[in-house]
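Chemist: Starting from these lines, generate the structure:
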Amino acid sequence: MVHRGSPRPGHRLLWGAPAIRQRVYRRAEVNPLRRATDRTRTRWLVAFILSCAIAVACGVMAGLTTMDSGLRAVAEQARHRHRVEAVTVGQAVQRIPNENNAVSATARVRWEFPPTSLHTATLPVPSNTPVGQGIGLWVTDAGEATQAPRTVGQLGWDAVMAGAGSAGLIVLSTGGAVFLRLRRVERCNLRQWERDWECVEPRWSGRLPGPGGRG
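Modeler: The predicted structure is shown next:
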């Protein structure tokens with residue numbers, strides 16, 4: 001008894017991956033125009049596609065690893081960097097414009113960190129900053145001026161660049177190898193065409209092989 005919706009015994013090969021592989025293999029074997037070099041070319045193209053998928057996976061892993069290490073570094077920095085309020089104690093002195101044509105200035109700045117520990121240094125400030133102007137400043141545990149901790153946006157950009165670099169390196173390396181291999185396959189094809197033409201041309205043109213001329 002055959003239930004409704006179940007495959008008939010004669011159609012069993014139409015179901016499942018083994019049946020699909022059998023149909024693909026049978027079609028490849030029956031095709032008389034498919035040469036060994038064609039199969040080689042197909043295998044290398046499939047290998048390149050798989051390498052692209054692997055490159056994407058490696059790029060994602062590299063980006064996540066870079067982001068994770070960056071977050072840990074920022075968390076470590078946050079424990080040893082502190083935001084304080086500094087005060088300018090000298091006139092702002094204009095500096096020569098930099099390569100981006102942005103005019104900046106420096107001024108003598110004073111701040112206190114840790115408590116009862118006074119520090120003074122000449123630091124970059126906005127142009128035309130008056131004396132006694134308060135400015136935000138990042139300092140270390142010892143009270144020395146330092147850079148601000150990196151932002152999540154900067155970490156994300158580093159992760160994107162690391163992932164793209166890793167994926168691009170894999171794709172370029174594999175693509176170069178596949179390109180060289182396919183060029184070699186193409187040269188083999190051309191040589192085979194020349195040998196086949198030498199065998200076929202006398203019959204196709206009506207010329208008998210050898211010095212006898214046309215038959």
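
Chemist: Just give me the residue right at the centre of this structure.
Modeler: Of all residues in the chain, the one closest to the mean position by Cα atoms, centre = their mean is A164, 2.1 Å from it.

Chemist: Not counting sequence-adjacent ones, nearest residue to it?
Modeler: Nearest non-adjacent residue to A164, counting by Cβ to Cβ, 6 or more residues apart in numbering: G59, 6.4 Å away. Heads up, the C-betas are built off the backbone N, CA and C, glycines and all.

Chemist: residues contacting that neighbour?
Modeler: Going by Cβ atoms under 8 Å, 6 or more residues apart in numbering, G59 touches G163, A164, S166, A167, G168, I170.

Chemist: 6 Å instead, please
Modeler: Applying Cβ atoms under 6 Å, 6 or more residues apart in numbering, we find G59 in contact with G163, S166, A167.

Chemist: Count the neighbours of the last one for me.
Modeler: The reference is to A167. A167 has 21 neighbouring residues, counting by other Cβ atoms under 10 Å.

Chemist: Is it in contact with I54, as I believe?
Modeler: No - A167 is beyond contact range of I54, at 9.1 Å (criterion: Cβ atoms under 6 Å).

Chemist: Show me what the biggest helix by length in the chain is packed against.
Modeler: Criterion DSSP state H: the longest helix present in the chain is helix 152-205. With contacts taken as 3 or more Cβ pairs under 6 Å, 6 or more residues apart in numbering; DSSP states H and E, helix 152-205 sits against helix 36-80.

Chemist: about what we covered before: so how far is S166 from the residue nearest to A164?
Modeler: Counting by Cβ to Cβ, to the nearest Å, the separation of G59 from S166 is 5 Å.

Chemist: Please apply the same query to V74.
Modeler: 22 Å.

Chemist: If we go by neighbour counts, what in the one helix or strand W138 maps to is buried?
Modeler: Assessed by DSSP states H and E, W138 sits inside strand 134-140. Across strand 134-140, burial judged by 16 or more other Cβ atoms under 10 Å covers I135, L137, V139.
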